[in-house]
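Enquirer: the sequence and its predicted three-dimensional model are supplied below.
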Amino acid sequence: MVVTDAERHHLYEVRKSQLGAASADTLMKSIPPTGWADLATKADLTTEIAGLRSEMKAEIAESRRDVVTQIEAVRSEVTRTFGTWLLASQAAVIAAVAAIVTVLG
């Protein structure tokens, strides 16, 4: 059963005349503005939190996989670049040694 605003106000006015404004205010604060069945229960909140926790774990795992994939791509690129520079420097050293041997030779 849903209580209307007019019914709530009438209850407040009746209790105010019987108990005084402070007590009527306290009473109205303790009664929800909707039906008791409309309020969330601890079980409702626990279920909602468990669902959110599962979603967050899945998103964190996906983000972790993305980061690992990106790190592997960077590592691979650095390895290729280092290998290229190493081969180029070795070729330059060999060419320099060959030029020295030819001049002195």
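Expert: Noted; the coordinates are in hand.
Enquirer: host element of Ser63?
Expert: The secondary structure element spanning Ser63 is helix 42-104 (assigned by DSSP states H and E).
Enquirer: and for Pro33?
Expert: Once you assign secondary structure using DSSP H and E, Pro33 falls outside every helix and strand.
Enquirer: so who does it touch?
Expert: Under the criterion of Cβ atoms under 8 Å, 6 or more residues apart in numbering, the contact list for Pro33 reads Arg8. (Each C-beta comes from the backbone N, C-alpha and C, glycine too.)
Enquirer: mind checking how far it is from Ala50?
Expert: 28 Å (Cβ to Cβ, to the nearest Å).
Enquirer: chain center to the helix holding Ser63: distance?
Expert: Using Cα atoms, centre = their mean, to the nearest Å, the distance from the centre of helix 42-104 to the centre of the chain it belongs to is 24 Å.
Enquirer: counting neighbours, what do you get for the closest residue to Glu13 other than its chain neighbours?
Expert: With Cβ to Cβ, 6 or more residues apart in numbering as the criterion, Glu13 has its nearest non-adjacent residue at 8.0 Å, and that residue is Ala24. Other residues near Ala24 number 18, with proximity taken as other Cβ atoms under 10 Å.
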